[in-house]
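Engineer: Can you look at this prediction? I've put the sequence above it.
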Amino acid sequence: MGEKKSPPDGEYQIRCPRLGHHVSFLYCRYENKGLPCFKTLDCWFEHFPVEEYLRNDLSSEDWDKVFENLPKSKVVSLLELIEQAKKRNQERI
């Protein structure tokens, strides 16, 4: 697909790695309580200049909320939970 400046129409869909089925850009753009999914840049960059589009479409606060404060990876979250459990266990002793 040639690089277009605007998002593909609602008929064009790609596979969502989080949901496991096909979705349109419109779904990705608003699925996070009116904000884009945090994976939108990763999923759509091959289909159109999604970062440029969203930087123009979102306020800087919304951009930061979605793309700058990414959730921790599962491994990091698990390690933090293990450390918290160790501390609680030590406090009981």
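Structural biologist: Sure, I can see it.

Engineer: for the longest helix along the chain, packing partners?
Structural biologist: The residue-count maximum for a helix in the chain (DSSP state H) belongs to helix 74-92. The contact analysis (3 or more C-beta pairs under 8 Å, 6 or more residues apart in numbering; DSSP states H and E) places helix 74-92 against no helix or strand. Just so you know, the C-beta spots here come from the backbone N, C-alpha and C atoms, and that holds for glycine as well.

Engineer: Off-centre distance for that helix?
Structural biologist: 26 Å (C-alpha atoms, centre = their mean, to the nearest Å).

Engineer: So what touches that helix?
Structural biologist: With contact meaning C-beta atoms under 8 Å, 6 or more residues apart in numbering, helix 74-92 is reached by Lys72.

Engineer: Correct me if wrong: Tyr30 contacts Pro36.
Structural biologist: Yes - using C-beta atoms under 8 Å, Tyr30 is in contact with Pro36, at 7.4 Å.

Engineer: in what helix or strand does the residue most central in space within the chain lie?
Structural biologist: Geometric centre of the chain, nearest residue: Phe38, 1.3 Å, by C-alpha atoms, centre = their mean. Assigned by DSSP states H and E, Phe38 belongs to neither a helix nor a strand.

Engineer: how about it, phi and psi?
Structural biologist: Dihedral pair for Phe38: phi -70, psi -20, per degrees, to the nearest 10.

Engineer: Likewise for Leu35?
Structural biologist: Torsion angles at Leu35 (phi, psi; degrees, to the nearest 10) stand at phi -110, psi 160.

Engineer: Tally up the residues packed near Arg55, please.
Structural biologist: By the criterion of other C-beta atoms under 10 Å, Arg55 has 12 neighbours.

Engineer: Same question for the one 10 residues further on.
Structural biologist: Each residue near Lys65 was counted by other C-beta under 10 Å, and the total is 15.

Engineer: how about the nearest residue to it, chain neighbours excluded?
Structural biologist: Excluding its sequence neighbours, the residue lying closest to Lys65 (C-beta to C-beta, 6 or more residues apart in numbering) is Leu35, at 6.7 Å.

Engineer: Brilliant, that's me finished.
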